[in-house]
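Undergrad: No sequence on hand, only this structure:
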(Lines give C-alpha, C1' and ligand atoms only; values in the text may rest on other atoms or scores of the structure.)
Protein backbone atom coordinates (compact mmCIF):
# COMPACT_ATOMS: atom_id res chain seq x y z
CA UNK A 1 0.00 0.00 0.00
CA UNK A 2 2.82 2.41 0.91
CA UNK A 3 4.53 1.62 -2.40
CA UNK A 4 1.39 2.53 -4.35
CA UNK A 5 1.11 5.83 -2.47
CA UNK A 6 4.73 6.62 -3.30
CA UNK A 7 4.11 5.84 -6.99
CA UNK A 8 1.06 8.11 -6.91
CA UNK A 9 3.20 10.89 -5.41
CA UNK A 10 5.78 10.39 -8.20
CA UNK A 11 3.05 10.71 -10.84
CA UNK A 12 1.68 13.86 -9.19
CA UNK A 13 5.18 15.36 -8.98
CA UNK A 14 5.90 14.63 -12.65
CA UNK A 15 2.63 16.17 -13.84
CA UNK A 16 2.98 19.10 -11.44
CA UNK A 17 6.33 19.83 -13.06
CA UNK A 18 4.50 19.99 -16.40
CA UNK A 19 2.17 22.67 -15.06
CA UNK A 20 5.09 24.63 -13.60
CA UNK A 21 6.90 24.47 -16.94
CA UNK A 22 3.78 25.57 -18.77
CA UNK A 23 3.32 28.52 -16.40
CA UNK A 24 6.83 29.86 -16.96
CA UNK A 25 6.82 29.38 -20.73
CA UNK A 26 3.31 30.73 -21.24
CA UNK A 27 4.09 33.95 -19.42
CA UNK A 28 7.48 34.21 -21.10
CA UNK A 29 5.73 33.99 -24.48
CA UNK A 30 3.21 36.64 -23.40
CA UNK A 31 6.07 38.95 -22.45
CA UNK A 32 7.82 38.28 -25.77
CA UNK A 33 4.57 39.12 -27.59
CA UNK A 34 4.23 42.35 -25.64
CA UNK A 35 7.82 43.39 -26.34
CA UNK A 36 7.62 42.49 -30.04
CA UNK A 37 4.17 43.85 -30.91
CA UNK A 38 3.96 46.50 -28.17
CA UNK A 39 0.33 45.63 -27.50
CA UNK A 40 -1.27 45.58 -24.07
CA UNK A 41 -3.23 42.39 -24.80
CA UNK A 42 -0.02 40.43 -24.22
CA UNK A 43 0.46 41.75 -20.69
CA UNK A 44 -0.28 39.45 -17.78
CA UNK A 45 0.46 40.18 -14.16
CA UNK A 46 2.73 37.15 -13.89
CA UNK A 47 4.66 37.98 -17.06
CA UNK A 48 5.13 41.52 -15.83
CA UNK A 49 6.41 40.35 -12.44
CA UNK A 50 8.63 37.53 -13.73
CA UNK A 51 10.13 39.03 -16.86
CA UNK A 52 9.80 42.83 -16.65
CA UNK A 53 13.53 43.46 -16.42
CA UNK A 54 14.38 41.44 -19.57
CA UNK A 55 14.78 42.83 -23.07
CA UNK A 56 13.20 41.02 -26.00
CA UNK A 57 16.41 39.28 -27.04
CA UNK A 58 17.35 38.56 -23.44
CA UNK A 59 14.05 36.73 -23.03
CA UNK A 60 14.35 35.07 -26.43
CA UNK A 61 17.70 33.51 -25.53
CA UNK A 62 16.61 32.81 -21.95
CA UNK A 63 13.97 30.55 -23.47
CA UNK A 64 16.74 28.21 -24.63
CA UNK A 65 18.32 28.16 -21.19
CA UNK A 66 14.93 27.52 -19.58
CA UNK A 67 14.32 24.69 -22.06
CA UNK A 68 17.60 23.02 -21.07
CA UNK A 69 16.77 23.47 -17.39
CA UNK A 70 13.42 21.71 -17.80
CA UNK A 71 14.96 18.95 -19.92
CA UNK A 72 17.42 18.40 -17.08
CA UNK A 73 14.67 18.40 -14.47
CA UNK A 74 12.62 15.85 -16.41
CA UNK A 75 15.67 13.67 -17.05
CA UNK A 76 16.49 13.75 -13.34
CA UNK A 77 12.90 12.94 -12.37
CA UNK A 78 12.81 10.03 -14.79
CA UNK A 79 16.16 8.71 -13.56
CA UNK A 80 15.09 9.02 -9.93
CA UNK A 81 11.77 7.30 -10.65
CA UNK A 82 13.49 4.27 -12.15
CA UNK A 83 16.05 4.28 -9.34
CA UNK A 84 13.16 4.32 -6.84
CA UNK A 85 11.68 1.33 -8.70
CA UNK A 86 15.07 -0.40 -8.37
CA UNK A 87 15.52 -0.55 -12.12
CA UNK A 88 19.11 0.64 -12.67
CA UNK A 89 19.17 -0.47 -16.29
CA UNK A 90 15.97 1.46 -16.98
CA UNK A 91 17.42 4.53 -15.22
CA UNK A 92 20.53 4.32 -17.40
CA UNK A 93 18.43 3.85 -20.56
CA UNK A 94 16.27 6.81 -19.62
CA UNK A 95 19.32 9.08 -19.43
CA UNK A 96 20.49 7.73 -22.78
CA UNK A 97 17.14 8.57 -24.41
CA UNK A 98 17.07 12.06 -22.90
CA UNK A 99 20.58 12.79 -24.16
CA UNK A 100 19.88 11.20 -27.55
CA UNK A 101 16.68 13.14 -28.22
CA UNK A 102 18.16 16.40 -26.96
CA UNK A 103 21.20 15.83 -29.19
CA UNK A 104 19.04 15.03 -32.22
CA UNK A 105 17.00 18.16 -31.63
CA UNK A 106 20.15 20.28 -31.32
CA UNK A 107 21.65 18.72 -34.46
CA UNK A 108 18.50 19.39 -36.51
CA UNK A 109 18.37 22.97 -35.24
CA UNK A 110 22.04 23.60 -36.12
CA UNK A 111 21.78 21.87 -39.51
CA UNK A 112 18.81 24.04 -40.39
CA UNK A 113 20.72 27.18 -39.47
CA UNK A 114 23.77 26.10 -41.47
CA UNK A 115 21.97 24.99 -44.62
CA UNK A 116 19.33 27.71 -44.89
CA UNK A 117 16.16 25.96 -43.76
CA UNK A 118 16.11 27.26 -40.22
CA UNK A 119 12.33 27.73 -39.93
CA UNK A 120 11.57 24.13 -40.92
CA UNK A 121 14.39 22.75 -38.77
CA UNK A 122 13.28 24.84 -35.80
CA UNK A 123 9.74 23.43 -36.07
CA UNK A 124 11.05 19.84 -36.05
CA UNK A 125 13.58 20.47 -33.28
CA UNK A 126 10.95 22.28 -31.21
CA UNK A 127 8.55 19.35 -31.55
CA UNK A 128 11.21 16.85 -30.40
CA UNK A 129 12.37 18.98 -27.49
CA UNK A 130 8.73 19.56 -26.52
CA UNK A 131 8.37 15.82 -25.98
CA UNK A 132 11.61 15.67 -24.02
CA UNK A 133 10.59 18.44 -21.63
CA UNK A 134 7.20 16.97 -20.77
CA UNK A 135 5.79 13.92 -18.96
CA UNK A 136 5.30 12.22 -22.35
CA UNK A 137 8.82 10.77 -22.58
CA UNK A 138 8.66 9.46 -19.02
CA UNK A 139 5.36 7.70 -19.83
CA UNK A 140 6.78 6.25 -23.05
CA UNK A 141 9.87 4.98 -21.28
CA UNK A 142 7.86 3.54 -18.42
CA UNK A 143 5.03 1.91 -20.36
CA UNK A 144 6.38 1.33 -23.84
CA UNK A 145 10.12 0.99 -23.97
CA UNK A 146 11.38 -0.40 -20.68
CA UNK A 147 8.82 -3.22 -20.13
CA UNK A 148 8.99 -3.23 -16.36
CA UNK A 149 8.10 -6.39 -14.53
CA UNK A 150 5.46 -5.03 -12.15
CA UNK A 151 5.32 -8.12 -9.98
CA UNK A 152 9.05 -8.12 -9.23
CA UNK A 153 8.90 -4.42 -8.39
CA UNK A 154 5.94 -4.94 -6.08
CA UNK A 155 7.72 -7.86 -4.33
CA UNK A 156 10.81 -5.70 -3.73
CA UNK A 157 8.74 -3.08 -1.88
CA UNK A 158 6.48 -5.28 0.24
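TA: Here it is on my side, so go on. All figures in this text were calculated on a predicted structure; none of them were measured in a lab.
Undergrad: The longest helix along the chain: which residues count as buried?
TA: Counting residues, the longest helix found in the chain (DSSP state H) is helix 2-37. Neighbour-count burial for helix 2-37 flags 10, 14, 17-18, 21, 24, 27-28, 30-32, 34-35 (criterion: 16 or more other CB atoms under 10 Å). Every C-beta, even on glycine, is put in place using the N, C-alpha and C of the backbone.
Undergrad: Then stretch 43-59?
TA: For stretch 43-59, burial by neighbour count (16+ other CB under 10 Å) applies to 47, 50-51, 54, 59.
Undergrad: I'd like these written out as TSV, with secondary structure added.
TA: Output for the buried residues of stretch 43-59, formatted as TSV (DSSP: H, G, I helix; E, B strand; the rest coil):
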residue	secondary structure
47	helix
50	helix
51	helix
54	coil
59	helix
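Undergrad: Would you mind listing where this protein has pLDDT under the threshold?
TA: Where the chain drops to pLDDT under 70, the residues are 144-158.
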